[in-house]
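Chemist: got a predicted structure here, sequence first:
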2 protein chains.
Amino acid sequence: MQQERCSSSDRPLDPGCLQARDAERSADRPACAPVDFPVAVVLPAGGSGERVGLPTPKQFCTIFNRPLISYTIQAFERLPWIGTVVVVVSKENHDLMLNIVQKFNHTKVNVIHGGTTRHRSIFNGLQAFCSTSNSLTPKPKVVIIHDAVRPFVEEDLLLKITLAAKEQGASGAIRPLVSTIIATSSEGYLDHSLERAKYRASEMPQGFLYDIIFQAYQRCSEFDFEFGSECLHLALQYCGVNAKLIEGPPTLWKVTYKRDLAAAEAIIKETLSRSACIIAGAEAEAAELAKTLQKNLNMMETDVIPCAKESNAEYLSKTQNFIHLSTTGSNFLGVLEMVKHFEDTDHTRLYPVVIVWVQLNMTKQSVDSQKTDELAAFRSLASEVIQGNVLLYGIQIEHTKVIFSMRYHYMCLRDLKNFKL
Amino acid sequence: MQQERCSSSDRPLDPGCLQARDAERSADRPACAPVDFPVAVVLPAGGSGERVGLPTPKQFCTIFNRPLISYTIQAFERLPWIGTVVVVVSKENHDLMLNIVQKFNHTKVNVIHGGTTRHRSIFNGLQAFCSTSNSLTPKPKVVIIHDAVRPFVEEDLLLKITLAAKEQGASGAIRPLVSTIIATSSEGYLDHSLERAKYRASEMPQGFLYDIIFQAYQRCSEFDFEFGSECLHLALQYCGVNAKLIEGPPTLWKVTYKRDLAAAEAIIKETLSRSACIIAGAEAEAAELAKTLQKNLNMMETDVIPCAKESNAEYLSKTQNFIHLSTTGSNFLGVLEMVKHFEDTDHTRLYPVVIVWVQLNMTKQSVDSQKTDELAAFRSLASEVIQGNVLLYGIQIEHTKVIFSMRYHYMCLRDLKNFKL
């Protein structure tokens, strides 16, 4: 509808995939009140995810072989001012969750058992901070409650929510209504429709002074535990706190249906596609191609470096996308070195690395059988390294076939959207 | 939240991509009141789509080289009981829309100019039926109003909406609320939250007796035209008609953000992936592989046929996915015949056709250079036919490399999700 405008794209500024970036951003971020008090997170993840239409609960569905909940955890874990992240899971998913924590090296996470409803699970999470059996001390000043299936929460919003919660006692993210809300009669007819401007959709994250939300849960009724719709309401009803409402970006949306997994994957792909590193080697021809590539990849931030040696570690750590150029006769030793480097630096733990090996000058003259053997060797390397989360692609550019090669390359990579050649 | 349950997946039963299917379905559908009165559609498509975060309005964004709005039009056009589809576009998109209608051969569409708001555009659409300058007669008994950016509307829902509109005067699709709705104070604090059970999200499509909705627009105010949120409300306020509300499936969601395009693409891909046709040829070995394939493709409905001759046109028309097996020495003549057939039958107009040519028994003995030349020829064919919406892939299975070949094949096709080998 033309009259309800919202110019913000749904691409997150920073879905937490580039630690290096974060550092920069915190550095040059306009001064905002520092978080000089303990902040913790409670992440209820007990949902059965029936609506996704998948056997797996949606928080455990994987994107790039990594469960959705790991992306969400990372969005908090990467922030120095956030302490413990309490993940509340159903008993049957406890071991699965522990495996995820270990595999993706989540160092701030504490996994506990949930209750039979979302509210019981959140309360269990809050109690973990004061149970004697548990070492989650100090009790946080502010606790952030979020959904495991909203992976793209950004630092700026988390800061606003946290500071507003400290000041006001409670705070929550909101979004404009996408649909008109209507009241229905008991017989299933339209009774009346609400005036959109007066209402908002209540989203996550929400922030609370720990003592406020804990007290609210201590006071609330069985009915609230069973059917209560949200924490902000409990804080208002049982502690008289009117939450401060803060408009969040569209990326806060909740992964609810199967299609939302495709949407989340698209967002992650796009974010991973913003930068690339071109390893040009020494030869003039390769350097030439590197320049052209850099021009064609103008949608991406690109670095061009001569080789993938330790000395260039800084460049290698900045991106997940690499184009390795080499010229006639050269083998793919350079690629092997890179793969080794990424293994040593754990660079592929959270996101896959894509390496495209471009071999130039395979002219008609070159011996077909030699080509075939080298290809075979490269292919078996590719099928090895994919285990280590490295996606290895090769292109042999024969001058008579450049156009095809590029199209073919593009076809192979389209599903990664990591290159727009 | 565990307590709000909804078991329906978001995969459409029938997003209108398989005309053959539709015929079957109508045939064996449980008898429901026939639509023996004229029904038309008004499709406002004037939106600027700012929220998608793209320069193109979202209804014109393409999936598989086809604009979203063409999918939506097709969802109506394929139904024999629906007459004219009036598409209302802004002046600057008029020619673009006409090109779409022609390119995708939309035979029921009438393109007219919109107003400055959604309501003005809808009214323009309705007036098209009674303007003398326009030959859109007879005036429909029931008019369905839908969004150009909700492509997955299914026949069953359209039937319910249409019949309820005829009986009640107005009807509309609803969905349960995903988020809690809250009322905000003027200072941006929580005032109160609504009791979810009493409210619904009002979605599209909506249906009306033509005379009712036309009268409502004739009576409504300038304010309604500028800021009115929806048609159901106008029918209630100005004609005293309480619309019948009908719960629709999750696939009714509105493509609002860029990520929703990826979600829509995923749904279309999945739907296109439900069937395949294997052309096995005569040789025993190929027939053997065909059987194995059919077993491995158990997620898909598969037919196995000996050749792609006219006699098998029925099978060829049933799917968009083809695996063409051939054995040593054979060239890809069979593939050429198929491509020709699809050109003649216009089979690729709405959806791309995927042909995977699997060449068996390329053993080490076979001459490398011969292999290379055949590949070269095949590649240039692939880059030709892609213009005609045919995606052509080749696999040479060398017995020593079967595993690799399959993985590689999978990599190439992953973005089409049309095969799960």
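Modeler: Perfect, thanks for sending it. Numbering: from 1, shown residues only, chains lettered A, B, ... in the order given.
Chemist: contacting residues around A:L194?
Modeler: Shown in contact with A:L194 (C-beta atoms under 8 Å, 6 or more residues apart in numbering or on different chains): A:180-183, B:181, B:199. For every residue, glycine as well, the C-beta is placed using N, CA and C.
Chemist: could you pull up phi and psi at the closest residue to A:D346 other than its chain neighbours?
Modeler: Setting aside the residues directly before and after it, A:D346 is nearest to A:N105 in space (C-beta to C-beta, 6 or more residues apart in numbering or on different chains), at 7.9 Å. Main-chain torsions, A:N105, degrees, to the nearest 10: phi 50, psi 50.
Chemist: so A:N105 is in contact with A:N99, correct?
Modeler: No - taking contacts as C-beta atoms under 8 Å, A:N105 lies outside contact range of A:N99: 11.9 Å.
Chemist: same for the host helix or strand of A:V339, what does it pack against?
Modeler: Assessed by DSSP states H and E, A:V339 sits inside helix A:333-345. Packing contacts for helix A:333-345, counted by 3 or more C-beta pairs under 8 Å, 6 or more residues apart in numbering or on different chains; DSSP states H and E, involve helix A:313-317, strand A:321-326, strand A:353-359, helix A:368-385, strand A:390-396.
Chemist: can you mark which positions in it are buried?
Modeler: Residues A:334-335, A:337-339, A:341-342 are the ones in helix A:333-345 that count as buried (16 or more other C-beta atoms under 10 Å in any protein chain shown).
Chemist: and of those residues, the nearest to B:S380?
Modeler: Nearest to B:S380 among the buried residues of helix A:333-345, counting by C-beta to C-beta, is A:V335 at 28.9 Å.
Chemist: other residues contacting stretch A:207-215?
Modeler: A:40, A:126, A:129-130, A:139-145, A:161-162, A:164-166, A:169-172, A:231, A:234-235, A:238-239, A:241.
Chemist: can I get the longest strand anywhere in chain A in PDB, CA atoms only?
Modeler: Assignment by DSSP state E gives strand A:199-209 as the longest strand of chain A. Output of strand A:199-209 as PDB, limited to C-alpha atoms (Å, rounded to 0.1, in the frame of the first residue of the first chain):
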ATOM      1  CA  TYR A 199      -0.600  -0.300  17.000                       C
ATOM      2  CA  ARG A 200       2.700  -2.100  16.500                       C
ATOM      3  CA  ALA A 201       3.900  -5.600  16.200                       C
ATOM      4  CA  SER A 202       5.900  -6.600  19.300                       C
ATOM      5  CA  GLU A 203       9.100  -8.300  18.300                       C
ATOM      6  CA  MET A 204      12.300  -9.500  20.000                       C
ATOM      7  CA  PRO A 205      14.800  -8.700  21.600                       C
ATOM      8  CA  GLN A 206      13.400  -7.400  24.800                       C
ATOM      9  CA  GLY A 207      15.400  -6.100  27.700                       C
ATOM     10  CA  PHE A 208      14.700  -6.000  31.500                       C
ATOM     11  CA  LEU A 209      16.300  -5.100  34.800                       C
END
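Chemist: what's the offset of that strand from the middle of its chain?
Modeler: With C-alpha atoms, centre = their mean, to the nearest Å as the basis, strand A:199-209 stands 20 Å off its chain's centre.
Chemist: before we move on, what about stretch A:59-72?
Modeler: Worked out by C-alpha atoms, centre = their mean, stretch A:59-72 lies 8 Å from the chain centre.
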